[in-house]
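S.K.: when you get a sec, could you give me coordinates for this:
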Amino acid sequence: MTRLGRDQRGNILAISAAALIPLAGLIGGGVDMSRLYLTKTRLQQACDAGALAGRRAMGSGSWTDSGATSSRGRALELFNANFTDGAYGTDLLSHDFVEDDGEVTGSAVVTVPMTMMRIFGMTERTMTVTCTAKMEIPNTDVMFVLDVTGSMNCPSDGSYCPGGNNGNTPASNARIYGLKSAVKCFYEALLRVNTDEVCGGDPTATTYSGTAQIRMGFMPYSVNVNVGKLLNNAWIADNWSYQSREPNLETVYSWEAGAEGPKSPWGNWTAEPTLSEAYSYTGWSTVNGGVTINGTNYPRYRSATNSSNCTSPNFSTGGSVIGYSDSPSATTSEYQVSPPPPPVHPAEVQPITYMQEREHEATAYRYRWNSDWNNNKCRLQSGTNIHALSRQATATRQVTWTEHARWIGWTYKQKTFDVSTLKAGGTNWNGSVSLPLTTMNGPTVKLSGSNWDTTLVLPANMDVSWDGCIEERATIQNSDGNPSDEWSPIPSGALDMNIDLVPDAGTSGSHWGPMLENAVWGRYTGSNTSNRTTNDVVTTSWLNRNNSYYCSTEAKKLQTWYTPGGFETYVDSLTPIGNTYHDIGMIWGARFISPTGIFASENAQTSTGGAIQRHIIFMTDGDTMTDRTNYTSQGLPWWDRRQTTYAPSNGNLDDILNARLVALCTAIKNRNITLWVVSYGTGTSSATQTRLQNCATPGKFFQANDTPTLISNFKQIASEIADLRLTS
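M.R.: Next comes the predicted model:
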């Protein structure tokens with residue numbers, strides 16, 4: 001027995017038997033722990049899937065509870081697909097999802113019965129998980145390129161629209177109102193901040209509370225874009241050429257006379273007139289007695305039996321007189337000859353003539369036969385002649401001449417003006433520039449060779465206002481009427497299509513110019529404005545401007561709009577007018593959002609160095625519509641011909657703009673900018689519709705036939721821009 005007790009080989013059995021109890025606990029605990037881990041993992045996955053599904057179903061709208069297709073129904077459906085009741089031997093499963101301010105929260109509770117651990121008194125464990133899903137927005141820039149042409153005044157339901165622009169007055173259900181609503185609903189959906197628009201499921205927040213930087217900008221366009229006053233002074237040229245006019249002038253001289261100098265000595269009296277003829281006298285009448293003339297006595301009557309023996313002159317008129325006597329008056333009058341003759345340039349003095357006159361009275365005599373007289377038919381008569389003798393003296397006044405450039409008409413032509421006074425430093429601008437484009441009444445003067453007062457018409461400067469629209473920089477010309485093969489790739493000479501080029505003094509044609517509506521005329525000959533000409537027109541007439549000008553609402557650079565007030569005010573200010581030039585809106589939308597262009601310092605990254613996702617939302621309601629007499633970013637197309645070598649038709653211009661739009665869409669997408677395109681209304685041609693579809697980033701084209709669809713499209717875009725993420 002003692003030996004057996006010392007034998008250790010038998011202890012192994014006892015030790016092994018004793019070790020089975022804790023080993024069973026370890027193995028059982030491991031099994032149950034594995035089940036608990038698997039259950040909680042699957043439960044969490046189901047919760048996450050449900051939360052994501054519910055938030056995705058909610059989109060940019062509101063949370064719904066009822067029905068299988070509701071937001072809550074989709075969340076429960078995805079949960080149940082990932083964790084069924086009774087899975088892994090569980091029971092008492094409870095789960096649900098709720099939403100608060102765009103954030104979906106789920107919770108799930110399930111009981112897991114124990115297996116091996118029951119022998120240790122642990123019969124079950126309760127597993128609880130929570131999950132949250134919301135739209136997490138990355139740092140985002142959004143540039144709205146919005147068609148605000150005249151057709152946006154038309155009814156959104158496609159009903160009759162007079163003139164295609166409703167008389168430039170928005171209809172009660174105008175498309176422009178639908179656009180404004182859609183943009184505000186986009187804002188609500190992306191920032192989860194309420195606006196004055198009723199969008200459905202409106203958020204309650206009044207201020208953006210997210211951590212991501214969200215900036216939005218606007219590029220409204222029609223014929224032109226209003227961007228000039230958002231640019232740096234250095235990017236606008238100091239001198240720019242316009243189809244304009246210059247005054248035609250002539251040099252004239254006005255005179256003023258100084259004080260009068262002393263008179264010269266009087267000259268000789270004029271000679272006595274010859275008064276021997278009867279017709280020089282008047283008032284012939286029979287004298288009362290005889291007279292003695294030159295020592296000869298002449299009686300009152302002569303004996304005569306007929307006219308022939310009545311001493312000559314004896315006719316009723318004419319003939320010579322017997323003689324006359326001249327009696328000068330003692331009175332001499334003196335006067336200035338008025339007016340003095342006007343000086344003729346360059347005379348130095350104005351002569352003034354003074355006259356003295358002395359009156360003379362001469363009496364003549366004749367015999368006159370008259371058969372009607374009863375007696376003494378040959379009688380002596382007297383007649384009188386009153387005349388004056390004169391002499392003159394002269395004086396002078398010094399003449400001062402003034403030279404004037406008098407306006408006599410206009411030459412309508414291309415003209416280069418200095419526009420640098422628009423610049424006020426940095427990004428500050430003046431609102432007008434003074435240019436010599438009008439006339440004014442000058443002084444009232446006496447001109448050379450005239451004593452009459454003349455009011456001069458002089459050339460004058462006028463303040464020409466600048467509203468901010470710009471003319472584009474250098475481009476290329478189409479010569480064959482087919483521009484479709486000219487823009488892939490964009491030619492290097494087409495600086496107006498270069499998105500990123502910063503204007504530089506060393507690069508000719510790289511600057512922009514200010515559009516000056518009141519400095520531009522489309523010239524023509526005669527009175528018919530259709531008689532257009534590129535030749536200079538010299539005329540005294542004031543020609544009709546012969547062009548149409550439209551400048552859109554000023555654009556907005558990318559900026560944060562974390563409270564809705566300013567955003568709403570700007571959107572409400574959009575005013576539709578003018579024709580449709582898609583390319584000008586697209587190029588400037590790209591320039592405003594590009595991280596490597598004129599605003600690179602603002603756009604490359606966030607203020608903290610974060611990366612930015614970029615989106616352009618391009619909305620239009622129709623086809624390209626040009627007019628060769630529109631004042632555009634390319635000047636006056638018919639006269640300037642910057643885009644053609646020939647006189648373009650409206651169709652030529654449409655083709656050029658469409659080709660340019662295609663090229664711009666490609667260039668934008670190649671810059672990793674998501675390009676969303678929304679076609680609004682039903683008036684777009686199939687060719688334009690295809691062009692717009694191809695313009696968009698794949699999968700980012702929308703067709704909105706009416707306003708509700710447009711609003712839905714914009715909300716969907718906001719939802720897709722935001723990233724759906726689990727936050728807990």
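
S.K.: quick one: secondary structure of the residue nearest in space to the middle of the chain?
M.R.: For the chain, the residue nearest the mean C-alpha position is residue 551 (3.1 Å; CA atoms, centre = their mean). Here residue 551 is coil, with the state taken from DSSP: H, G, I helix; E, B strand; the rest coil.

S.K.: hang on, isn't it packed against residue 226?
M.R.: Yes. Between residue 551 and residue 226 there is a contact under CB atoms under 8 Å: 5.4 Å. The way it works is simple: take the backbone N, C-alpha and C, and place the C-beta from them, glycine included.

S.K.: spit out the residues that contact those two alike.
M.R.: Shared contacts of residue 551 and residue 226 (CB atoms under 8 Å, 6 or more residues apart in numbering): 467-469.

S.K.: now, those residues that are in helices?
M.R.: In helices, defined here by DSSP state H, there are no members of the shared contacts of residue 551 and residue 226.

S.K.: could I get the residues you listed as a markdown table with neighbour count?
M.R.: Below are the shared contacts of residue 551 and residue 226 laid out as a markdown table (neighbours: other CB atoms under 10 Å):
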| residue | neighbour count |
| --- | --- |
| 467 | 18 |
| 468 | 21 |
| 469 | 25 |
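
S.K.: wait, which of those is closest to residue 588?
M.R.: Taking CB to CB as the measure, residue 588 sits nearest to residue 469 out of the shared contacts of residue 551 and residue 226, at 10.8 Å.

S.K.: hang on, that closest one packs against residue 228?
M.R.: Yes. Counting by CB under 8 Å, residue 469 does reach residue 228; the two are 6.5 Å apart.

S.K.: shared neighbours, the two?
M.R.: 514-515.

S.K.: quick one: the helices in the stretch 551-700 of the chain?
M.R.: For the stretch 551-700 of the chain, the helices defined by DSSP state H, counting those that start in this stretch occupy 564-573, 582-593, 600-603, 637-640, 650-669, 686-695.

S.K.: mean confidence score for the last one?
M.R.: Put plainly, it is helix 686-695. Mean pLDDT, helix 686-695: 98.

S.K.: circling back: out of the helices of the stretch 551-700 of the chain, which comes closest to residue 222?
M.R.: Comparing those by CB to CB, helix 582-593 comes nearest, at 8.3 Å.

S.K.: still on that earlier bit, tell me the most buried of the helices of the stretch 551-700 of the chain?
M.R.: helix 582-593 (a mean of 26; mean count of other CB atoms under 10 Å).

S.K.: tell me what that helix is packed against?
M.R.: Other helices and strands packing on helix 582-593, by 3 or more CB pairs under 8 Å, 6 or more residues apart in numbering; DSSP states H and E, are strand 140-147, strand 214-221, strand 556-559, strand 613-620, helix 650-669.

S.K.: okay if I get these as CSV plus mean pLDDT and distance to residue 446?
M.R.: Below are these laid out as CSV (pLDDT from 0 to 100; distance: least, CB to CB, whole Å):
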stretch, mean pLDDT, distance to residue 446
strand 140-147, 98, 62
strand 214-221, 99, 57
strand 556-559, 99, 60
strand 613-620, 98, 65
helix 650-669, 98, 55
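
S.K.: tell me which of these sits nearest to residue 250.
M.R.: helix 650-669 (40.8 Å).

S.K.: any idea how far residue 377 is from residue 322?
M.R.: 18 Å (CB to CB, to the nearest Å).

S.K.: my error: substitute residue 32 in the last question.
M.R.: Taken as CB to CB, the span from residue 32 to residue 322 is 175 Å.

S.K.: do residue 124 as well
M.R.: In terms of CB to CB, residue 124 sits 174 Å off from residue 322.

S.K.: understood, closing this out.
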